[in-house]
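[1] Need coordinates for the following:
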Amino acid sequence: MTQQIRHIPQAEAGTQIADVCVPRSAHVVIPAKNAEDGIVSTIRHLANMGFAPDRIHVMVNGSTDSTEAVARATGLATVHQQADIIAQHPGLELTLHEQFGLDPSRWHGKGFAMFCAT
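    The predicted structure follows:
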């Protein structure tokens, strides 16, 4: 099998790499559980990147520390609780079970965060 090489046209003088390679909008989803020690620096780092995301979503699930409170206190992220999302979407648990064979009471963390992000 031969490998195809794609030709990338040369950029005009003065063009910045961000003008060519960086998407114009993005949302970032951060799954978080008991992450109070690192969540603030993660959120601030994302917000201060050269290309900051349009929105930062922190999906908190089952934390026993103050992850939710410290993430909200930054004022830079929208913080969601798994229980709140399920309560706001009554058919979600049935959908998870029927379509994906998942027991929502046992579904936590990254998988749930990414499901909600889609």
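[2] Next SSE downstream of the lowest-mean-pLDDT helix or strand in the chain?
    Every helix and strand in the chain was compared by mean pLDDT, DSSP states H and E; the lowest is helix 17-21, with a mean of 51. Past helix 17-21, further along toward the C-terminus, the next helix or strand under DSSP states H and E is strand 27-32.
[3] buried sites along the next helix or strand after that next one?
    Along the chain past strand 27-32, the next helix or strand (assigned with DSSP H and E) turns out to be helix 39-47. Neighbour counts using 16 or more other Cβ atoms under 10 Å place 39, 40, 42, 43, 46 of helix 39-47 among the buried residues. Backbone N, C-alpha and C define where each C-beta goes, glycine included.
[4] State the distance from the last one to residue 26.
    As for residue 46, its distance to residue 26 is 10 Å (criterion: Cβ to Cβ, to the nearest Å).
[5] Need the residues touching each of those two.
    Common contacts of residue 46 and residue 26 (Cβ atoms under 8 Å, 6 or more residues apart in numbering): residue 53.
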